[in-house]
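# Provide a 3D model corresponding to the input given below.
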Amino acid sequence: MSLLATHITTTRGRLLAALALCISLSATPAAFGKKSSVDLMRSAVHISKRADRNANLALKPITSKRIKDGAVASVDLANGAVDGSKLADDSVTTSKIANGHVTGDDVADNAIGGTKVADESLSGADIGDLGIGTSDLANDAITSSKIASGAVGTGDLADSSVNSAKLLDGAVTSGDLQNGGVETVDLANNSVTSGKIADGEIVTADLAGDAVTSAKIDDGTIVLGDLAGDSVDSGKVVNDSLTASDLGTGSVATDEIADGQVANADLGADAVTSAKILDGTILSADIFDGTVGAADLGTGSVTSAKILDGDVSNADLGTDAVTSAKILDGTIVGADVFDGTIASADLGSNAVTLGKINAGAVDSTAVVDNSLTAADLAPNAVDQSELAAGSVVSGKLGPNAVGTSNIAASAVDQAQLAPDSVRATHIFTSAVGNDELATDSVNTAELIADSVTTAKIADLQVTTNKLANDAVTGAKVSNGSLTAQDIAGGAPGGPLAGQTTIDPPSIAANQCWVATIGLSGMQVGDHVTVNAVTPQANNDYRVEALTGIANSLRVQFCNNDRTNPVDPPSADYSYLAIHP
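I've put the predicted structure just below:
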């Protein structure tokens, strides 16, 4: 029977029951008091309608609204009646699922996240071969104990991942290094010592300008072969330092000599002949006092007019040079003869002999000034007491007459020396030290070629200014002796090498931050290295020097962590900038 037929039958039955009720009630009015039959029928109709309404409601589908919360029990549900569409999100909790009844087919792809898996519950058997990728591993998840011995190959290492701290001291041998594989950035500061550099391997190109100073060059080791052709110009030569041995034969012509600059010291012995002297140009001032000898004078060249009146002294006259004929008659007067003696006019030739003169009779007043000659004096007759102060001048000393024993200590100063008077042969070995020389007293002209040896130069006295440009090549630099200060670029405040403190901010995952520090003298394109003074405690971040910009040092900090931020600590960093 259909639901509609059932409904109709139920309704008809109810109507017949209501009608029967009415009839029965009408037959027994006393039972209901004063109600009439009509009232009773009306009540029956209402009861019928209510019953019909309830019947209709019972026939409608049962919605969630008509079910009391929590009233549906397991026995009310048919097998398989509850599928995924009947379940509200998050309605099935652990307590609703029987143990062991969730299979792989029940779980959607990617439905189980990390939070759904109990800690330490997965074993190796739960994970498929090659099932763990790089993205599945947390940072620092793989420790040394997790890696099989010998399992890490070259391809497993990221570029620059093996730093000094990762290598066992002495573990890297020559065979481990690829030829040409070690670059500047691979070397720690001060890691290349003298023993690491092959002899003769530092060449000119390895040195920055002004890198090799006087202190770095062995005294006396710069030779001609170290200088490039035409590298020594006038500006590189100390004034007055070139000697004859420095000049090639015939290299100095008239054009190279400034007018009036050829001095006596520049002329060789007998270099100036009569043909080189312009007639009539030799003056008295040009002739060294006492140097014109009899051989220099032509016969009869000295006339009376050439002799200063009264200047012919006894010493100028040869023995017996003055004869009676040479004396003007009547010119010898009593004043010419010692008082109390016979005047010359009274004496015949050779009239006054030695025997005629009493001992001590002839004193200074009795002798004509400047009349005594060497022949008049007995050997060793003149001692110190006979000489007036300052009376022995240069012209009075014979060749080699003054020896070392004749000179008092410190007696000879500059005032006592005639120009060009001291020759090498006059100086005792090692007699002239720094104390004996006046400031700037010795120039090149005073030095014999090759006379200044290494032993003659005081330590640390060959400065940068003493070296010609490009004179010092790599072969001249002591192995392993260059420091950061020597190779750093020049700047107003000194070499571009020092320390600075940097306090980076927190850096987001996989991001970088650049610190810019003012540094006067830094140039665009400068090569810069930066190192932490104290090694960083972890590898969460890396520090890199960026190429220089004008007057600024740039240091980049990069977060190596792809997930978490990192806050590098404030630290001191050393820097070195080299001009390209």
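
# what's Asp567 in contact with, if anything?
When contacts are counted by CB atoms under 8 Å, 6 or more residues apart in numbering, Asp567 touches Pro504, Pro505, Ser506, Ile507. For every residue, glycine as well, the C-beta is placed using N, CA and C.

# From Gly133, how far off is Asp534?
Not quite, residue 534 is Thr, not Asp. When distance is defined by CB to CB, to the nearest Å, Thr534 is 37 Å away from Gly133.

# Of the two, which one has the most company?
The residue with more neighbours, out of Thr534 and Gly133 and counting by other CB atoms under 10 Å, is Thr534; that gives 10 against 7.

# On the three-state scheme, that one is what?
Secondary structure, DSSP: H, G, I helix; E, B strand; the rest coil: Thr534 is coil.

# just the strands in the stretch 451-580 of the chain please.
Read by DSSP state E, counting those that start in this stretch, the stretch 451-580 of the chain holds these strands, from start to end of the chain: 497-502, 512-518, 527-532, 541-545, 552-559, 571-578.

# could the ones you listed go into JSON lines alongside distance to Gly113?
Shown next, in JSON lines, are the strands of the stretch 451-580 of the chain (distance: least, CB to CB, whole Å):
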{"stretch": "strand 497-502", "distance to Gly113": "41"}
{"stretch": "strand 512-518", "distance to Gly113": "32"}
{"stretch": "strand 527-532", "distance to Gly113": "40"}
{"stretch": "strand 541-545", "distance to Gly113": "30"}
{"stretch": "strand 552-559", "distance to Gly113": "26"}
{"stretch": "strand 571-578", "distance to Gly113": "40"}
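
# could I get these as JSON lines with mean neighbour count?
Written out in JSON lines, the entries for these read as follows (neighbours: other CB atoms under 10 Å):
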{"stretch": "strand 497-502", "mean neighbour count": "15"}
{"stretch": "strand 512-518", "mean neighbour count": "13"}
{"stretch": "strand 527-532", "mean neighbour count": "17"}
{"stretch": "strand 541-545", "mean neighbour count": "17"}
{"stretch": "strand 552-559", "mean neighbour count": "19"}
{"stretch": "strand 571-578", "mean neighbour count": "19"}
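
# do you know which of the ones you listed lies nearest Ser74?
Across the strands of the stretch 451-580 of the chain, the minimum distance to Ser74, taken as CB to CB, is reached by strand 552-559, at 56.1 Å.

# Not counting the closest one itself, show me its contacts.
500, 502, 504, 507-519, 522, 528, 530, 540-548, 565-566, 568, 573, 575, 577.

# quick one, that strand and strand 541-545 angle?
Between the direction of strand 552-559 and that of strand 541-545, the angle (axes from the mean of the first three to the mean of the last three CA atoms, to 10 degrees) works out to 160 degrees.

# Make residue 1 into 4 and carry on from there
New numbering, starting at 4: the last item is strand 555-562.

# what residue lies at the spatial centre of this protein?
In the chain, the C-alpha nearest the mean C-alpha coordinate belongs to Ala491, at 2.1 Å (CA atoms, centre = their mean).

# how much space between that one and Gly524?
Applying CB to CB, one obtains 10 Å for the distance of Ala491 from Gly524.

# Output stretch 130-141 as CSV, nothing but the C-alphas.
What follows is stretch 130-141, C-alpha atoms only, in CSV (Å, rounded to 0.1, in the frame of the first residue of the first chain):
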residue,chain,number,x,y,z
ILE,A,130,59.9,6.1,5.3
GLY,A,131,60.3,5.0,1.7
ASP,A,132,63.7,4.8,0.0
LEU,A,133,64.8,8.4,-1.1
GLY,A,134,61.6,9.7,0.6
ILE,A,135,63.4,12.4,2.6
GLY,A,136,64.3,15.5,0.5
THR,A,137,66.4,18.5,1.3
SER,A,138,63.3,20.5,2.2
ASP,A,139,62.3,17.8,4.7
LEU,A,140,65.4,18.3,6.8
ALA,A,141,65.6,21.0,9.5
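
# Any idea how far that stretch is from the middle of the chain?
Chain-centre distance of stretch 130-141: 49 Å, with CA atoms, centre = their mean, to the nearest Å.

# thinking again about what came up before, quickly list what's touching both of Ala491 and Gly524.
Common neighbours of Ala491 and Gly524 (criterion: CB under 8 Å, 6+ apart): Leu499.

# before we move on, back to that, next, format the strands of the stretch 454-583 of the chain as JSON lines and append distance to Thr486 and mean pLDDT.
Shown next, in JSON lines, are the strands of the stretch 454-583 of the chain (distance: least, CB to CB, whole Å; pLDDT from 0 to 100):
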{"stretch": "strand 500-505", "distance to Thr486": "8", "mean pLDDT": "96"}
{"stretch": "strand 515-521", "distance to Thr486": "22", "mean pLDDT": "97"}
{"stretch": "strand 530-535", "distance to Thr486": "13", "mean pLDDT": "95"}
{"stretch": "strand 544-548", "distance to Thr486": "18", "mean pLDDT": "95"}
{"stretch": "strand 555-562", "distance to Thr486": "19", "mean pLDDT": "96"}
{"stretch": "strand 574-581", "distance to Thr486": "10", "mean pLDDT": "95"}
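
# Of the ones you listed, which is nearest Gly212?
Ranking the strands of the stretch 454-583 of the chain by distance to Gly212, with CB to CB as the measure, places strand 574-581 first at 10.5 Å.

# still on that earlier bit, the strands of the stretch 454-583 of the chain: which one's closest to Gly156?
strand 544-548 (23.3 Å).

# could you check the angle strand 515-521 makes with that closest one?
Orientation of strand 544-548 against strand 515-521 (the same axes, to 10 degrees) gives an angle of 40 degrees.

# other SSEs contacting strand 544-548?
Strand 544-548 sits against strand 530-535, strand 555-562, with contacts defined as 3 or more CB pairs under 8 Å, 6 or more residues apart in numbering; DSSP states H and E.

# Can you give the strand pairings for it, parallel or anti for each?
Its sheet considered, strand 544-548 pairs with strand 555-562 (antiparallel) by DSSP bridges.
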